[in-house]
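Enquirer: here is a sequence with its predicted model. Questions after.
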Amino acid sequence: VKYVPIETKTRIGKSKIKLLQDGSRFFLIITKVATLFSPLRIFLPVSFFFFLIGIFYYIFTYFTEGRFTNMGGLLFSVSVLVFLIGLVSEQITQMRYDRVE
């Protein structure tokens, strides 16, 4: 094995990759693949995030206004719905795996 130097011309054109457009497409592809194979890895952290925001918002409004606001209830409801969507997606994924085997 021997090193042979090669001379090349400098590149004239510019890259065709656009950071925002191609980056968002790449992120969507990764999200789709993740939800197809392991949905709870996506839905559980999102649900937990909404739950934590709901807890903190509830504590904040309890001490500032002395009551439970609609937004706190909405955040709790969203966290439960996202978790349940994750469970349904997990069941669908499991059915797909059972059918293949």
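Expert: Good, I have the coordinates.

Enquirer: output the lowest mean pLDDT helix or strand found in the protein.
Expert: Least confident helix or strand of the chain, by mean pLDDT, DSSP states H and E, is helix 19-37 with a mean of 88.

Enquirer: just the CA coordinates of that helix, formatted as CSV?
Expert: Output of helix 19-37 as CSV, limited to C-alpha atoms (Å, rounded to 0.1, in the frame of the first residue of the first chain):
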residue,chain,number,x,y,z
LEU,A,19,-30.1,24.1,7.1
LEU,A,20,-33.7,24.9,8.1
GLN,A,21,-35.5,23.1,5.3
ASP,A,22,-33.4,19.9,5.2
GLY,A,23,-32.9,20.0,9.0
SER,A,24,-36.7,20.0,9.6
ARG,A,25,-37.2,17.2,7.1
PHE,A,26,-34.5,15.1,8.8
PHE,A,27,-36.1,15.8,12.2
LEU,A,28,-39.5,14.7,10.9
ILE,A,29,-38.0,11.5,9.4
ILE,A,30,-36.3,10.6,12.7
THR,A,31,-39.5,11.3,14.6
LYS,A,32,-41.5,9.1,12.3
VAL,A,33,-39.0,6.2,12.6
ALA,A,34,-39.0,6.6,16.4
THR,A,35,-42.8,6.5,16.6
LEU,A,36,-43.0,3.5,14.4
PHE,A,37,-40.6,1.4,16.4
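
Enquirer: the longest helix that the chain contains vs helix 19-37, what angle?
Expert: When the chain is scanned for its longest helix (criterion: DSSP state H), the result is helix 70-100. Helix 70-100 and helix 19-37 meet at an angle of 60 degrees, taking axes from the mean of the first three to the mean of the last three C-alpha atoms, to 10 degrees as the criterion.

Enquirer: show me what counts as buried in helix 70-100.
Expert: Across helix 70-100, burial judged by 16 or more other C-beta atoms under 10 Å covers 72, 75-76, 78-79, 82-83, 86, 89-90, 93. (C-beta placed from N, C-alpha, C; glycine too.)
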